[in-house]
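Asks: need a structure here:
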Amino acid sequence: MAPDPKENGGAVGERMDHDAVPPAGKKDAAKGANKRKKDEKNKDDDLSEEDLALKQQLELYVERAQDPEEGIQRTALEAMRQEIRTATSSMTSVPKPLKFLRPHYKTLKTHYEKMPESELKRFMADIISVLALTMSEDGDRESLRFRLQGTVGDIGSWGHEYVRNLAGEIGNEFQQRQTAEQPVDDLMDLVKQIVPFHVKHNAEPEAVDLLMEVDKLDMLMEHIDKANHKRTCSYLTSFASYVPEPDDMAVLKIAYELYCKFNKFPEALRVALRMGNAQFIKTTFAACKDPMEKQQLCYILGRQGISIELDEEMIDNEEQRELLQELISNSKLSEGYLTLARDLDVMEPKTPDDLYKAHLVDGRASAGASVDSARQNLAATFVNGFVNAGFGVDKLMTAPATETSGGGSSGGWLFKNKEHGKASAAASLGLIMLWDVDGGLPLVDKYLYSNDNHVVAGALLAVGIINCGVRNECDPAYALLYDSVNKEDLTIRIGAIMGLGLAYAGSQKEEVLDLLTPIVSDSKVGIELAGFAAVALGLIYVGSCNEVVAQSIVQTLMERSEAELGEPLARFLCLGLGLLYLGKQDAADATMEVAKTLNEKISKYCLVTIETCAYAGTGNVLKVQALLSMCGDHLEKGDNHQAPAVLGIALIAMAEELGCDMAIRSLEHLLQYGEQNIRRAVPLALGILSISNPKISVMDTLSRLTHDSDSEVAMSATISLGLIGAGTNNARIAGMLRNLSSYYYKDPSLLFCVRIAQGLVHMGKGLLTLNPYHSDRFLLSNVALAGLITFLHASFDMKAFILGKFHYVLYFLVLAMQPRMLITLDENLKPLPVPVRVGQAVDVVGQAGRPKTITGFQTHTTPVILATGDRAELATEKYLPLSSVLEGFVILKLNPDYQHDHLSS
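Replies: Numbering: from 1, shown residues only. Okay, the predicted model is just below:
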């Protein structure tokens, strides 16, 4: 057995200094040597015969590798390499050859330094590089250093773990060299060997990580093929959320190019929409040649609320162009929604009393009905609108005139509301006829000629609501509304302006810009009207950074007096400005600088509003930290910028699941330690974080806050209970709200909030959602988010808006309402019932093999409704979906390879 070089060295030393060692020292040295031999003997006794033989064999190779004769060296190194490469081990242990060679690592390194430059020296470097895998100190990067001095060859043959370790060291070395401005060519040669190895062995995520470290992500294109592009792209798109800008766009661009390369146009379009790149959207559309696939692209565009005018370059056939334009403009949405309702048998209209279920509540609640009956009727108007939204029939507004019992005729119910209550009542007709332009406008028409200005204002708002998210070639909304914008009466003007904002949200329609900009700029106009005009423009030009709108709003904020800027509706001017930069990050910097120069009464509020809107949905951790520290400040009286800061934490963190959970924890801290104005905003922030997604923990927190001693906190929490349960029919929340209605039966304001929340929970009889995220949480609809932000900003001051005369701000929620459905269509776009599995979505990004994408599924026949966090997949192989994400409208085509099994039913 070859002696250990360390021990051998020790022995030589002993012999040389023999006489110098005093007798006692000799004894100790002898004892030490005996102890070492004993330990080694014990260690060797623990090994099996096979392992002992291997250990001795390897020690012999180490000795031979230091032989002066080259031939013997080469043979020893060759044998050592063979042993290391053929070694197998379990997942948790080090391979035996590496384990037994560990004591000789330094010996081999020392010998390597003495070797002359030759092929043999490079051979030795390869072996030391592999040994460094288990031996080198952290941060030494010896494995990489010896690899670069070794042979240029197949590094994959040393195994996965070695290649992964090397990739990690390359990343660190690259960073260091970049900082020191040293060349990195030798590292790039290694990268060119490692990336194909990873891709070939199904480790695409590791290839992507390495290329990200060395800023060469575009190298990925040449290595990905049809078989592995899906795994690679799903990894790219999901980790784009965790990459700072502008790198996130570079990552998405590679994913987009890969999808286009393999003709996966629906997926490519989703990535283009995520990037917000209009050019890519048009290119994808033009590149897609399959007419059915083009129709699927139109459905995706319609769901995202992007309106493109198709030209002859995109589609040369005029008839087909009209059909596709119709799909983009969502004109089939109402029809699909009603198909779903009929299939689920929920067409029967519901009355507010059906939801209140007063018989289940303690006796005292019914006595409260007589208190403030106009307020109760107004609540019933909203509840009735929300629950029957989009169904086209109800028992209060659309019931035939013969049904006079209980004020069933629409005229009767309308006049059970007082003054501005009539506006909301007339507007609720628009909510009931939601998306049905042809059926809804004739019903609203008669109210446009009423003598009561409030009714006219409500009817104008109803026109906007009906056209919300739906484009029509006749463009009826503008024709009906533009005339009323400059009428005398303030209520009518606000109704028309808000109607335009809802009807053209996200469309960037220039005629509306020309119509509303003068109203924002006119200093003679009341701040209320200017505020609504600013928000309407913010909605129409959401996320567009339009300079004309921005300048006119900033100009107004500069010119208005301090008293006017102190009004609640002055905040809507700031909000309009913020919506222009929704999700646009740095693009808002210049406007934020200007906001710092505004009157101190509104400057901070404006600054925070713009910043929180600009970073909404980005997950930017630094911004969240800045907002949290802002919430820690103790304010002078009159400062109100902490409320939008609290909401901003939720808006930024809602980008991904992890951020949501962390934000919920941070908001819990703010509840415990924050001041009153912060505590009032926290429930609203929780509401947007889990909107239409009733998480038990959030539900319990809000339930606790509904009994808070501060009535404003209780109101916010009550409304937020409605938001987190919006459109889910959640029985637990419905029970909580019933109990609250009995608890607050003597408090008309809080009871009103409870009723609104009840309406939201049962919105669309459980078929609608307010969640702005769709396509497996990949896409964020700017228009939907803008509607929610507007409603939440109004909720900061409940008394002025929802409990005051501007309760119709509740209708801004219409912008976020979408059916939470999956409808499968055949080639003629007719509903096609097929079995689908619906279950809880599982994150399988970067996992090996083909793991299941859903868990705890049930099989249903389409059309079906999908809850937040649900995912559907086809339960039959007879059809192939044209979209990889089964949500909304999905076109199916027959599978050409399908073999009909005569045994299956």
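Asks: quick one: contacts for the one residue sitting closest to the centre of the chain?
Replies: In the chain, the C-alpha nearest the mean C-alpha coordinate belongs to Ala655, at 3.8 Å (CA atoms, centre = their mean). With contact set as CB atoms under 8 Å, 6 or more residues apart in numbering, Ala655 has these partners: 241, 617-619, 780. No exception for glycine: its C-beta is placed from N, CA and C like everyone else's.
Asks: So which of these is the closest to Trp413?
Replies: For those, the closest approach to Trp413 (CB to CB) belongs to Leu780, at 37.4 Å.
Asks: Nearest residue to that closest one in space, ignoring adjacent ones along the chain?
Replies: Gly617 (4.7 Å; CB to CB, 6 or more residues apart in numbering).
Asks: Can you say which helix or strand has the one you found in it?
Replies: If you go by DSSP states H and E, Gly617 is not part of any helix or strand.
Asks: Please settle this for me: is the residue nearest to the centre of the chain part of a strand?
Replies: No - secondary structure of Ala655 (DSSP: H, G, I helix; E, B strand; the rest coil): coil, not part of a strand.
Asks: Distance of it relative to Phe415?
Replies: As judged by CB to CB, to the nearest Å, Ala655 and Phe415 stand 47 Å apart.
Asks: before we move on, what about Val594?
Replies: 48 Å.
Asks: Can I get whatever helix or strand Arg755 lives in in PDB, CA atoms only?
Replies: Here Arg755 sits within helix 748-761, counting by DSSP H and E. Presented in PDB, the C-alpha positions along helix 748-761 are these (Å, rounded to 0.1, in the frame of the first residue of the first chain):
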ATOM      1  CA  PRO A 748     -77.300  53.000   7.900                       C
ATOM      2  CA  SER A 749     -73.800  53.800   6.500                       C
ATOM      3  CA  LEU A 750     -72.300  50.400   7.600                       C
ATOM      4  CA  LEU A 751     -75.400  48.600   6.600                       C
ATOM      5  CA  PHE A 752     -75.100  50.100   3.100                       C
ATOM      6  CA  CYS A 753     -71.500  48.800   2.900                       C
ATOM      7  CA  VAL A 754     -72.600  45.400   4.000                       C
ATOM      8  CA  ARG A 755     -75.300  45.300   1.200                       C
ATOM      9  CA  ILE A 756     -72.800  46.400  -1.400                       C
ATOM     10  CA  ALA A 757     -70.500  43.600  -0.300                       C
ATOM     11  CA  GLN A 758     -73.300  41.100  -0.500                       C
ATOM     12  CA  GLY A 759     -74.000  42.300  -4.100                       C
ATOM     13  CA  LEU A 760     -70.300  41.800  -5.000                       C
ATOM     14  CA  VAL A 761     -70.000  38.300  -3.500                       C
END
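Asks: So which elements touch it?
Replies: Applying 3 or more CB pairs under 8 Å, 6 or more residues apart in numbering; DSSP states H and E, one finds that helix 748-761 contacts helix 352-356, helix 373-387, helix 711-724, helix 731-743.
Asks: for stretch 250-257, which positions count as buried?
Replies: When burial is assessed from 16 or more other CB atoms under 10 Å, stretch 250-257 yields the following buried residues: 251-257.
Asks: helix or strand for the spatially closest residue to Thr381 that is not a sequence neighbour, which one?
Replies: Counting by CB to CB, 6+ apart, the nearest residue to Thr381 once its immediate chain neighbours are dropped is Ala425, at 4.7 Å. Using DSSP H and E, Ala425 falls within helix 419-432.
Asks: Just the buried positions in that helix, please.
Replies: Of all the residues in helix 419-432, those buried under the rule 16+ other CB under 10 Å are 420-432.
Asks: pLDDT weak spots in the protein?
Replies: 1-45, 87-94, 136-139, 362-372, 400-411, 636-639, 901-905 (pLDDT under 70).
Asks: any idea where the strands of it begin and end?
Replies: Secondary structure of the chain (DSSP state E): strands at 768-769, 773-774, 779-780, 818-819, 821-825, 835-841, 854-861, 864-865, 870-874, 879-881, 888-894.
Asks: From the chain's centroid, how far away is stretch 167-183?
Replies: Remark: stretch 167-183 is offset 33 Å from the chain centroid, using CA atoms, centre = their mean, to the nearest Å.
Asks: Sort out which residues of that stretch are buried, please.
Replies: By neighbour count on 16+ other CB under 10 Å, the buried set for stretch 167-183 is 167-171, 173-174.
Asks: what does stretch 98-118 give?
Replies: Across stretch 98-118, burial judged by 16+ other CB under 10 Å covers 98-101, 103-105, 107-109, 111-112, 115.
Asks: Out of these, flag the one nearest to Gln57.
Replies: Phe100 (8.9 Å).
Asks: ok, the closest one touching Leu58?
Replies: Yes - shown here, Phe100 and Leu58 form a contact pair, counting by CB atoms under 8 Å, at 4.9 Å.
Asks: Could I get the contacting residues of Gly390?
Replies: If you count contacts by CB under 8 Å, 6+ apart, then Gly390 has 334, 337-338, 431-436, 764, 768, 817, 819 around it.
Asks: and if you look at Leu338?
Replies: The contact partners of Leu338, taken as CB under 8 Å, 6+ apart, are 347, 390-392.
Asks: Redo the residues you listed as JSON lines? Include distance to Thr790.
Replies: Conversion of the contacts of Leu338 to JSON lines gives the following (distance: CB to CB, whole Å):
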{"residue": "Met347", "distance to Thr790": "31"}
{"residue": "Gly390", "distance to Thr790": "21"}
{"residue": "Phe391", "distance to Thr790": "25"}
{"residue": "Gly392", "distance to Thr790": "26"}
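Asks: Can you go through those and name the buried ones?
Replies: If you count burial by 16+ other CB under 10 Å, the buried members of these come out as 390-392.
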